[in-house]
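Student: Sequence below, structure please.
(chains A and B)
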Amino acid sequence: MIELRDVTLTFPPPRARSIRERLNRLRGGAAVHEAGAVTALHDLELLVPPGDRVGIIGLNGAGKTTLLKVMCGIYAPTQGSVVVEGDVACLFELATGFEMEATGWDNIRTRGLLLGLSASEIRDRMRDIADFTELGDALDRPVKTYSMGMFVRLGFAVSTAISPDVLLLDEVIASGDMRFQEKAQRRLADMVDRASILVLVSHSMDTVRQMCRRALWLDQGRLRMDGPVDDVIAAYSEFAG
Amino acid sequence: MSEPGATTAAPVAPAAERAAGTARGGVLARLGQRQAHLHAFSIAWQLARLDLLRRYTSTMLGMLWAILSPLCMAAIIGTVFGKLFQVELKTFLPYLFLNLTFWAFFVACLDGGAISFIAAEGYIKQIARVPLLAYPLRMVMAAFVTLLLGLLAVVLVVFLFGGRPTPGWAWVLPGLAAWFFFGVALATISGIANTWMRDLSYIQTVAVQALFYATPIMFPSSLLVAHGLQPLLTWNPLYHLLIIVQVPLLFGNRPPVEHYVAVALSLVLLLGLAFVGLRFVRRRLVFWL
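Tutor: Below you'll find the predicted structure:
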């Protein structure tokens, strides 16, 4: 279950990151300091019961990914409360968060731990993960030698090796050759099937229609519409042209 | 009444508590609070292991270098300063080597800690919310392994100069534990401060340098006392921390109790500061990256 009550998220204004900058701001007065705070989410109320499949749609900058990050606990809301019951996993950019100097194997271990797997769980799944990446001997090399596509494969293979109750997806399948795409889609579908709740952010209305029953339309950080997927997509399509 | 963004309805735990619990959530939600911390420990160790592997396999001499470099330092400084202070090399060299080895740990914790959160940006922003302590802890663990290796070399040098292991050496163990926790506190505080203000590291470098010369590392502590600078010893936690490892290893004795008291007080203060700091940044740090 996911429950958001009155959630508002305001990104703090760009901070003075250096002492010099801070001194400059002091001279400029407090007004400079307060400028630039961005409220990405406004008073969101949301209840996602077990078994629900929710798609989040909206224009770029509507706060879709931010909402996902609030749900998985990366961002704490400025106001309101977020309660998520069960294991949560989020799949965002798969190509970041690696130890560049370490080998593919070691990165599988590290990411596995970060995703909440125990050392023995990782050992058990190592073979499967490695096979899925199809990286072969490249796994023995430091990942700094990898191409973008290889990073995505590695990240994807580990991130989909877990079985969370609540799965938060942000259009992850965008890289790799066609064959890998297909394989990835299958693996992702399996993971979605195992999850109790799916929340998906996508710009592809087909994907949302295919995977979700319910859709949320976010507009400038506000919940514009919440309902059956076809209704919401119809309204959104009319709006977005 | 509570910090901004705290939960409004909290039937079980205080608002701030629950909000924090949610924020940590992630995949670790299924683990209890304690287990989450244990898990953070294994994450820190995994990362530290990678750091060590990188450090010790990338250079030809590898691990040996980590030991040789402070040893060379000690030999050079020992010869010069030994003459200046008119102390015997036999006692001065092991003393110097030991001090430099622990000093290297101190600096590694501060410097490693400074970048600990920044280096973990990819994890903190993208993958999961593990307790933030994991990231400075990673740096401390790697530095501590290096310290232990260095200590082996110290023991060897002590041995070469005629020191023989006695049961008194065991007193080094509580000392090492104290150094570890000292490192954890420093790395955490340094991490928070340097993530908050990126150019703090310049000031930190100068401060560390000043501390190096104010602490009896390259010279015997008696020199400070002789010049009426006793307060520089009394109020310097590093001095007490050094004593509680020097006395067992160099003299095979139990260090005087007052040094343990001083160390304990410093640790309570620093660990408390680190703990409060971590609590404060738990919900904020991600926005600083």
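Student: how is chain A carved up into domains?
Tutor: Taking automatic domain parsing as the reference, chain A has its domains at A:2-87+A:163-240, A:102-162.
Student: And the first one, how far out from the chain middle?
Tutor: How far domain A:2-87+A:163-240 lies from its chain's middle: 7 Å, per CA atoms, centre = their mean, to the nearest Å.
Student: just the shortest one next, same as before
Tutor: From the chain centre to the centre of domain A:102-162 is a distance of 18 Å (CA atoms, centre = their mean).
Student: hmm, that domain in reach of chain B?
Tutor: Yes: judged by CB under 8 Å from any CB of the partner chain, domain A:102-162 and chain B are in contact via A:A102, A:D106, A:R109, A:T110, A:R111, A:L113, A:L114, A:L115, A:G116, A:S118, A:A119, A:I162. C-beta here means a position set from N, CA and C on the backbone, and glycine is covered the same way.
Student: Who wins on neighbours among these?
Tutor: Counting neighbours by other CB atoms under 10 Å in any protein chain shown, A:L114 leads those with 28 neighbours.
Student: Helices of chain A, start to end?
Tutor: Assigned by DSSP state H, chain A shows helices spanning A:19-28, A:30-34, A:64-71, A:104-114, A:119-133, A:148-159, A:178-194, A:205-211, A:229-240.
Student: for chain A, where's the lowest mean pLDDT among helices and strands?
Tutor: helix A:30-34 (a mean of 52; mean pLDDT, DSSP states H and E).
Student: Remind me which helix or strand the most centrally placed residue in chain B belongs to.
Tutor: Centroid-nearest residue in chain B, with CA atoms, centre = their mean: B:G183, separated by 1.9 Å. Per DSSP states H and E: B:G183 is located in helix B:172-196.
Student: where along chain B do the helices fall?
Tutor: Chain-ordered helices for chain B, with DSSP H as the definition, fall at B:15-24, B:33-58, B:63-85, B:89-119, B:121-122, B:134-160, B:172-196, B:200-214, B:221-226, B:230-234, B:237-246, B:257-281, B:285-288.
Student: Check the stretch 101-250 of chain B for the residue nearest chain A and tell me.
Tutor: B:G122 (3.4 Å; CB to the nearest CB).
Student: what's the burial count for the nearest residue to that residue once chain neighbours are set aside?
Tutor: Counting by CB to CB, 6 or more residues apart in numbering or on different chains, B:G122 lies nearest to A:G97, which is 3.4 Å off, once chain neighbours are set aside. Neighbour count of A:G97, defined by other CB under 10 Å: 23.
Student: my guess is A:G97 meets B:A119, correct?
Tutor: No: using CB atoms under 8 Å, A:G97 is not in contact with B:A119, being 11.0 Å away.
Student: do you know how far the residue nearest in space to the middle of chain A is from A:I74?
Tutor: What sits nearest the mean C-alpha location of chain A, by CA atoms, centre = their mean, is A:F92, with 3.5 Å. A:F92 sits 9 Å away from A:I74, going by CB to CB, to the nearest Å.
Student: who touches both of these two?
Tutor: Residues touching both A:F92 and A:I74 by CB atoms under 8 Å, 6 or more residues apart in numbering or on different chains: B:Q126.
Student: if I pick the closest residue to A:L46 other than its chain neighbours, what's in contact with it?
Tutor: Spatially, and ignoring its direct neighbours in sequence, A:L46 is nearest to A:L4 (4.1 Å; CB to CB, 6+ apart). Shown in contact with A:L4 (CB under 8 Å, 6+ apart): A:L44, A:E45, A:L46, A:L47, A:V70, A:M71, A:G80, A:S81, A:V82.
Student: tell me which of those is nearest to B:P136?
Tutor: Taking CB to CB as the measure, B:P136 lies nearest A:V70 of these, at 25.5 Å.
Student: burial count for that closest one?
Tutor: Applying other CB under 10 Å, I find that A:V70 has 26 neighbouring residues.
Student: In this structure it contacts A:V7, no?
Tutor: Yes: taking CB under 8 Å as the definition, A:V70 is a contact partner of A:V7 at 6.4 Å.
Student: can you list residues touching both of those two?
Tutor: Joint contacts of A:V70 and A:V7 (CB under 8 Å, 6+ apart) are A:L41, A:P77, A:V82.
Student: Could you list the residues of the stretch 151-289 of chain B in contact with chain A?
Tutor: So the stretch 151-289 of chain B meets chain A at B:M197, B:R198, B:D199, B:L200, B:I203, B:R282, B:R283, B:R284, B:V286, B:F287, B:W288 (CB under 8 Å from any CB).
Student: which of those sit farthest apart?
Tutor: B:I203 and B:R283 (26.6 Å).
Student: And the two? Which one has more around it.
Tutor: Comparing B:I203 with B:R283 by other CB under 10 Å, the one with more neighbours is B:R283, at 20 against 12.
Student: surely the more buried one meets A:A76?
Tutor: Yes: using CB under 8 Å, B:R283 makes contact with A:A76 at a distance of 3.8 Å.
Student: Chain B - how does it break down into domains?
Tutor: B:1-30, B:32-288.
Student: what's the closest of those to A:T145?
Tutor: domain B:32-288 (14.4 Å).
Student: for that closest one, the distance to its chain's centre please.
Tutor: 4 Å.
Student: ok, the residue of the stretch 101-250 of chain B closest to chain A - how many residues close by?
Tutor: Neighbours of B:G122 under the rule other CB under 10 Å: 17.
Student: Next, the contact list for it, please.
Tutor: Contacts of B:G122 (CB under 8 Å, 6+ apart): A:T96, A:G97, A:F98.
Student: circling back to that earlier point, now the weakest link among the helices of chain A, please, by mean pLDDT.
Tutor: Ranked by mean pLDDT, the helices of chain A bottom out at helix A:30-34, with a mean of 52.
Student: OK, contacts around A:L91?
Tutor: Counted by CB under 8 Å, 6+ apart, A:L91 has contacts A:F156, A:S159, A:T160, A:L167, A:L168, A:L169, A:D170, A:V172.
Student: By neighbour count, which of those residues wins?
Tutor: Neighbour counts for those (other CB under 10 Å) peak at A:L168, which has 27 neighbours.
Student: Identify the residue nearest that one in space, chain neighbours excluded?
Tutor: Residue nearest to A:L168 in three dimensions, not counting chain neighbours: A:C90, with 4.1 Å by CB to CB, 6+ apart.
Student: re the thing from before, and of the helices of chain A, who's closest to B:Q46?
Tutor: Of all the helices of chain A, it is helix A:104-114 that lies closest to B:Q46, at 5.5 Å by CB to CB.
Student: what angle separates the closest one from helix A:119-133?
Tutor: Helix A:104-114 and helix A:119-133 are oriented at 130 degrees to each other (axes from the mean of the first three to the mean of the last three CA atoms, to 10 degrees).
Student: which residues are contacting helix A:104-114?
Tutor: Residues outside helix A:104-114 that contact it (CB under 8 Å, 6+ apart): A:97-99, A:102, A:119, A:121-122, A:125-126, A:129-130, A:133, A:135, A:138-141, A:143, A:146, A:154-155, A:157-159, A:161, B:39, B:42-43, B:46-47, B:50, B:53, B:123, B:127-128, B:130.
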